[in-house]
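Q: Take a look and give me a structure for this.
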Amino acid sequence: MSEAEGRGAVLTEERREWGAIEGRRPERGHRLARHSLLLAGRSLTKTRRNPGLLSDALFMPILFLLLFVYLFGGAVAGSTREYLQYVFPGVLVMTLLLVGMLSTGLSINTDIKKGVFDRFRSLPIGRSAPLTGIVLGDLIRYVVAACVLFATGYLMGFRVETDAVSAVAAVALSTALGFALGWVNVLIGVLIKEEVIVQTVAFLGIFPLAFGTDMVVPAETLPGWLRAWVEVNPVSYAVDASRGLLVGGPVAGPATATLLWSAGFLAVFCPLAVYAYRRRA
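A: From the prediction side, this is the model:
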């Protein structure tokens, strides 16, 4: 059998497998959801076979927490213990944003360059399913990063001053914003062909959002121009909501604003990413 015939046989077999999965061909929305979940499983399989893909989710939370607490704690709050209670909610939000923003687009860019998406296009699946599957599969990175951060914070002395439900809500809210902004990185990964440039553009894009908040110091201590940015930065709402959920304070207003911003990012950048993918395809 020639190489071309071998590839044809493989593609035929894959079409049969997807045809079996399709069954009686349910409605389009249901099909897209099923295909996205199946491809999310593929992403999880890749992670299980190569645990090194979780290295940023494992080490980034520890690095950020140690750096901020012991570098700024004494100067800002006079006590690393008090500063840990202040900075932890912000580090939670920033970590989940960076974990999603710095990996998803790169993974998509790599799969496109290796021709994996060419095979997907030969299968009877929704055109947006490969993108959605990778984004959903990367949710495991959020879970790992959050668990590592809370474990490190607990060892350093951080304590949740509300309750367990509120702590889970803080993680969920931060993940929702990270998931929505992750589609910005998906768009970058589809549009830009070079992997290094994808990482650079993603980091430069997320930097003013993640650090332009009152995460490290109170907004009242900032110069006027920077304080103005902090007050309109959507990530600031997530930091305030997370702080309220973990250590006490206003929650309803910041949480509502965070969800609205997340929905807005998702409504804008998800269709743009799918459109760009179809155009590139």
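Q: Burial check on Ile30, number of neighbours?
A: Small correction: residue 30 is His, not Ile. Other residues lying near His30 total 10 when counted by other C-beta atoms under 10 Å. Every residue, glycine included, has its C-beta placed from N, CA and C.
Q: Helix, strand or coil: sort out it for me.
A: Secondary structure of His30, reduced to three states by DSSP: H, G, I helix; E, B strand; the rest coil: helix.
Q: Please apply the same query to Phe158.
A: Per three-state DSSP, Phe158 ends up coil.
Q: which phi and psi does it have?
A: phi -70, psi 140 (degrees, to the nearest 10).
Q: what do you get for Val217?
A: Torsion angles at Val217 (phi, psi; degrees, to the nearest 10) stand at phi -140, psi 160.
Q: do Gly249 as well
A: Given degrees, to the nearest 10, the pair of backbone angles that Gly249 has is phi 140, psi -180.
Q: so it makes contact with Ala255?
A: No. Using C-beta atoms under 8 Å, Gly249 makes no contact with Ala255, being 11.3 Å away.
Q: These two: which has the busier surroundings?
A: Applying other C-beta under 10 Å to Gly249 and Ala255 shows that Ala255 carries more neighbours, namely 21 against 15.
Q: Could you find the closest non-adjacent residue to that one?
A: The shortest distance from Ala255 to any non-neighbouring residue, by C-beta to C-beta, 6 or more residues apart in numbering, is to Ala241 (4.2 Å).
Q: contacts for the helix or strand hosting the one you found?
A: Using DSSP states H and E, Ala241 falls within helix 234-247. For helix 234-247, the surrounding residues in contact (C-beta atoms under 8 Å, 6 or more residues apart in numbering) are 85-86, 88-90, 92-94, 97, 160-162, 166-167, 169-170, 173-174, 177, 209-210, 212-215, 219, 230, 249-251, 254-255, 257-258, 261, 265.
Q: switch the cut-off to 7 Å
A: With C-beta atoms under 7 Å, 6 or more residues apart in numbering as the contact definition, helix 234-247 has outside contacts at 85, 88-90, 92-93, 97, 160-162, 166-167, 169-170, 173-174, 177, 209-210, 213-215, 230, 249-251, 254-255, 257-258, 261.
Q: what kind of secondary structure is Gly78 in?
A: At Gly78 the chain is in coil, as set by three-state DSSP.
Q: nope, Lys193 is what I meant
A: Following three-state DSSP, Lys193 is assigned to coil.
Q: quick one, phi/psi of it?
A: Note on Lys193: its backbone torsions stand at phi -90, psi -30 [degrees, to the nearest 10].
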